[in-house]
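[1] here are the coordinates; sequence isn't available:
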């Protein structure tokens, strides 16, 4: 068998043997092309972000949400007809007030807690681990929904100008999520630089549209009308009054509160800021709040003065619309009205709005992996989520988030109106618990602080957090009341399921740690008897190596064991064994059903006995192959045996490798294999013989005149 595998010296054979190396080289080159060169761990400090880059990285979500939050307010109010639009400015003012309170509150958070745990750390330290874990569940759900909602909103906005995207929203959303994940896998610094230009271009476009619309309507006296302004909006509910109408207004307010999502991401991303981290994060929060509030209120102002109409069911609610009319997004309608007669400006606003909504998911791609890493470090999530990848990004967390977001987009067909019902529940749960925890934090600080100036600053911070708690708690109640049956219950169930899962993971890690921990003063018990078994299928060189190695370990008992699945082959093996007079006895285990694994397990159990100090060591000869398909042809019995034996107590499994020629050639052509450097031969750190000295390469053993 060995001779047959080692045959063939022609060019074709050599190329075939190089296959694993070529595959590995191709995979490595592809990875480097997509992700770039790996970063050393000591370069982590060089990936820190200045404020101008941190703003688009961490604040793109709350700034971009102004593209769909005003639209969601109008869509909900449209149920009662166009007359209900009169309440939209007031709803917008209240949402802006809540946002200002949340931003001011989180400026206190990021100054006090700079490790990156954000709301999870604040709640854990001040309320306890159970409350902290609840906050973490809420944030994880919210991050996944942030990606799904932002990408779906981008598909809707771009679809307003590109019909192909509107017809293939799900495909567009999936591709966008995959590309966004790939960009983040390249590292925080590089992804932040790539996102800065589109984010600032979006801000310039929206603010420019608001300012020009204000100038035209207020100073120039122009009549600026949206394309839907002349349509008649038919109410779905004609007799809404009293509590029913109040409920509708509250529901519109809860939908508009989507503009607040993403504020907490800066608190989770504080470690990515340059020093002083807390101060820079607080400044970034302030800039984000000012821009988001200005754009949010400005778009509502333009919607009011242009008479833009957004119908929840355009086919039945809009009267006077041309046949085949496709309702555009609010931003697209406002851009067409304000920049009427200048299409480049309209396309600019639509393009960068759609692009920023795609990139807004980057807020979650930065917050989710960091939070997952901290949870993994605390043993609430698998440890693989704690490690950084080649580019110093939390690669596993990025891939996990992308996978969940793709599933959501496919399940809800990239419909923003459906996904928005699941949204913002988690983020307001974290808001409420975080602000209440900060109040307790300041109480503890005040109990030990004696300096009057410091106490005065703490009291001011506590007042800000208290106001934030009242505002966010009221919004949370409104969201739960108005959105529970519309889909918010799905988010709550998801949070509960994640909570139970993370508690289960923590229990598992705790049990393992308790089981394997070293007890001080405990002596390690040596085995009283080691019974070694070498498994034999044929008498060849791998078997001889395994026998030699087993003898070198000097066990108390050493024997060879073969399983009789073919009488003729077994008789031939025993005859050869006896003829060569091996000092190790060969025992034949009968297998009437031609099975190998179970007879070996039964025999091992018998020889192990009941003595808890007896051990059995199994030596299994295995082939090391170089081609992927060779692995299918070899080692299957060994793999099954090892899998079953590892579950047996007091049984040690040792693989004795035999490198086939294909594996040796694959190793020699491996581009990643370590190469000797100057001085290694002199110091004896590598083989000083030239390659092929054993007669298999470098022309050794060739006939003379072979060239």
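    Nice, I can see it. Only a predicted model underlies this, so the values are computations on that prediction, with no experimental measurement involved. Numbers count the residues shown, from 1 in each chain.

[2] only C-alpha atoms for contact and neighbour calcs from this point on.
    Noted.

[3] list phi and psi for the nearest residue to residue 317 once chain neighbours are set aside.
    Nearest residue to residue 317 in three dimensions, chain neighbours excluded: residue 234, at 4.7 Å (CA to CA, 6 or more residues apart in numbering). As for residue 234, its main-chain torsions (degrees, to the nearest 10) stand at phi -90, psi 130.

[4] now do the contacts for residue 234.
    Contacts for residue 234 (CA atoms under 8 Å, 6 or more residues apart in numbering) come out as 81-82, 316-319.

[5] among these, which one lies nearest to residue 286?
    Taking CA to CA as the measure, residue 286 lies nearest residue 82 of these, at 35.0 Å.

[6] who's the nearest residue to that closest one once chain neighbours are set aside bridged to?
    Spatially, and ignoring its direct neighbours in sequence, residue 82 is nearest to residue 233 (5.9 Å; CA to CA, 6+ apart). As for beta bridges, residue 233 partners with residue 318 under DSSP bridges.

[7] what's the separation between residue 233 and residue 273?
    Between residue 233 and residue 273 the distance is 48 Å, computed by CA to CA, to the nearest Å.

[8] then residue 653?
    49 Å.

[9] where do the strands sit along the stretch 401-550 of the chain?
    According to DSSP state E, counting those that start in this stretch, the stretch 401-550 of the chain carries its strands in the segments 529-535.

[10] low-confidence ranges, it, go.
    518-524 (pLDDT under 70).

[11] how about the helices in the stretch 501-650 of the chain?
    Per DSSP state H, counting those that start in this stretch, the stretch 501-650 of the chain carries helices over the ranges 541-552, 567-580, 597-608, 628-633, 636-645.

[12] oops, could you answer that again for the stretch 301-450 of the chain instead?
    Going by DSSP H, counting those that start in this stretch, the stretch 301-450 of the chain shows helices at 314-317, 330-338, 343-360, 362-377, 395-411, 416-419, 425-448.

[13] ok, which of the ones you listed comes nearest residue 658?
    Residue 658 lies closest to helix 395-411 among the helices of the stretch 301-450 of the chain, at 34.8 Å (CA to CA).

[14] relative to the whole chain's centre, how far out is the closest one?
    7 Å (CA atoms, centre = their mean, to the nearest Å).

[15] which residues belonging to it are considered buried?
    When burial is assessed from 16 or more other CA atoms under 10 Å, helix 395-411 yields the following buried residues: 395-403, 405-406, 408-410.

[16] now those residues as CSV including distance to residue 432?
    Listed next are the buried residues of helix 395-411 as CSV, based on distance: CA to CA, whole Å:
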residue, distance to residue 432
395, 30
396, 29
397, 26
398, 27
399, 29
400, 27
401, 24
402, 27
403, 29
405, 25
406, 29
408, 26
409, 28
410, 31
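
[17] closest to residue 644 out of the residues you listed?
    Taking these together and measuring to residue 644 by CA to CA, the closest member is residue 396, at 30.2 Å.

[18] look up the pLDDT of the closest one for me, please.
    Reported pLDDT at residue 396 in the predicted model: 83.

[19] got the contact list for the residue nearest to it when sequence neighbours are not counted?
    In space, and not counting its chain neighbours, residue 396 is closest to residue 385: 5.5 Å by CA to CA, 6+ apart. Each residue near residue 385 by CA under 8 Å, 6+ apart is listed here: 369, 372-373, 376, 394-397.

[20] on that earlier part again, among the helices of the stretch 301-450 of the chain, which is nearest residue 295?
    Using CA to CA, these put helix 330-338 closest to residue 295, at 11.3 Å.

[21] what's the offset of the closest one from the middle of its chain?
    On the basis of CA atoms, centre = their mean, helix 330-338 sits 36 Å off its chain's mean C-alpha point.

[22] number of residues surrounding residue 255?
    Using other CA atoms under 10 Å, the number of residues around residue 255 comes to 28.

[23] identify all contacting residues around the helix or strand where it lies.
    For residue 255, the element it lies in under DSSP states H and E is helix 243-256. Here helix 243-256 makes contact (CA under 8 Å, 6+ apart) with 69-70, 72-74, 76-77, 87, 91-92, 95, 420-421, 475, 478-479, 482-483.

[24] averaged over its residues, what pLDDT does that helix have?
    85.

[25] check which helices and strands the helix or strand that that helix is followed by sits against.
    Beyond helix 243-256 in the direction of the C-terminus, DSSP H and E gives the next helix or strand as helix 263-268. Using 3 or more CA pairs under 8 Å, 6 or more residues apart in numbering; DSSP states H and E as the contact test, the elements touching helix 263-268 are helix 51-64, helix 88-112, helix 118-127, helix 277-306, helix 362-377.

[26] which among the contacts of helix 243-256 count as buried?
    For these, a neighbour count by 16+ other CA under 10 Å gives the buried set as 69-70, 72-74, 76-77, 91-92, 95, 420-421, 475, 478-479, 482-483.

[27] list the contacts for the nearest residue to residue 127 once chain neighbours are set aside?
    Sequence neighbours aside, residue 437 is the residue nearest to residue 127 in space, at 6.2 Å (criterion: CA to CA, 6+ apart). By CA under 8 Å, 6+ apart, the residues touching residue 437 are 122-123, 126-127.

[28] can you redo the helices of the stretch 301-450 of the chain as JSON lines with distance to residue 613?
    Below are the helices of the stretch 301-450 of the chain laid out as JSON lines (distance: least, CA to CA, whole Å):
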{"stretch": "helix 314-317", "distance to residue 613": "79"}
{"stretch": "helix 330-338", "distance to residue 613": "76"}
{"stretch": "helix 343-360", "distance to residue 613": "61"}
{"stretch": "helix 362-377", "distance to residue 613": "36"}
{"stretch": "helix 395-411", "distance to residue 613": "42"}
{"stretch": "helix 416-419", "distance to residue 613": "61"}
{"stretch": "helix 425-448", "distance to residue 613": "54"}
